[in-house]
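Undergrad: Pasting the sequence and the predicted coordinates here, then a few questions.
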Amino acid sequence: MRKALYILGDLDDRDIAWLAKAGEVRTIAAGEMLIAASNEAIVGFNPKLKPLWKVARSQTHSLIVAGSTAFIGGDGEVVAHDIRTGKSVWQQRIDGRALGLAVADGCLIVSTDRGDVV
């Protein structure tokens, strides 16, 4: 699977209506998946929106997908999960909350609420 859509937070019907007006609505194609994150869990869905895996995770502040890995920023840590299985493949303690994540040239860049970029 090479493409992933990710959503942070819980959506209600008004959010879906806004997304439909403001963005692009399309079907998730074969080989793609949806990754949804809230303050309770991260869930990977197949194109038919059947949950493939669910990982309990509190305090999710940021999420980015690079290749087949989802990086999740939280309070005091950044963790990585394989998007095909949901299994944790890496984690790193940080100072503060990971509010922004970026990937460039094979590097993960994390910005925190303390002003640090690691």
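TA: Thanks, I have it. Numbering: from 1, shown residues only.
Undergrad: From here on, just use CA atoms for contacts and neighbour counts.
TA: Will do.
Undergrad: In this structure N39 contacts L63, no?
TA: No - using CA atoms under 8 Å, N39 is not in contact with L63; the gap is 11.9 Å.
Undergrad: quick one: the helices in the protein?
TA: According to DSSP state H, the chain carries its helices in the segments 13-22.
Undergrad: Nearest the geometric middle of it, what residue?
TA: L63 (3.5 Å; CA atoms, centre = their mean).
Undergrad: surely that one meets G74?
TA: No - under the criterion of CA under 8 Å, L63 makes no contact with G74, lying 9.2 Å away.
Undergrad: tell me the mean pLDDT over stretch 54-64?
TA: Stretch 54-64 carries an average pLDDT of 89.
Undergrad: which of the residues in that stretch are buried?
TA: K54, R57, Q59, T60, H61, S62, L63, I64 (16 or more other CA atoms under 10 Å).
Undergrad: give me phi/psi at the third one?
TA: If I follow you right, that is Q59. phi 60, psi 50 (degrees, to the nearest 10).
Undergrad: which ones are touching the residue lying closest to it once chain neighbours are set aside?
TA: Closest residue to Q59 apart from its sequence neighbours, by CA to CA, 6 or more residues apart in numbering: N39 at 5.0 Å. N39 sits next to G9, R57, S58, Q59, T60 when contact means CA atoms under 8 Å, 6 or more residues apart in numbering.
Undergrad: Show me what stretch 84-98 is in contact with.
TA: Contacts of stretch 84-98 (CA under 8 Å, 6+ apart): 1, 43-44, 52-55, 61-62, 68, 73-82, 110-114.
Undergrad: Check the offset of the top strand by length along the chain from the chain's centre.
TA: Longest strand of the chain, by residue count under DSSP state E: strand 88-104. Averaging C-alpha positions (CA atoms, centre = their mean, to the nearest Å) puts strand 88-104 12 Å from its chain's average.
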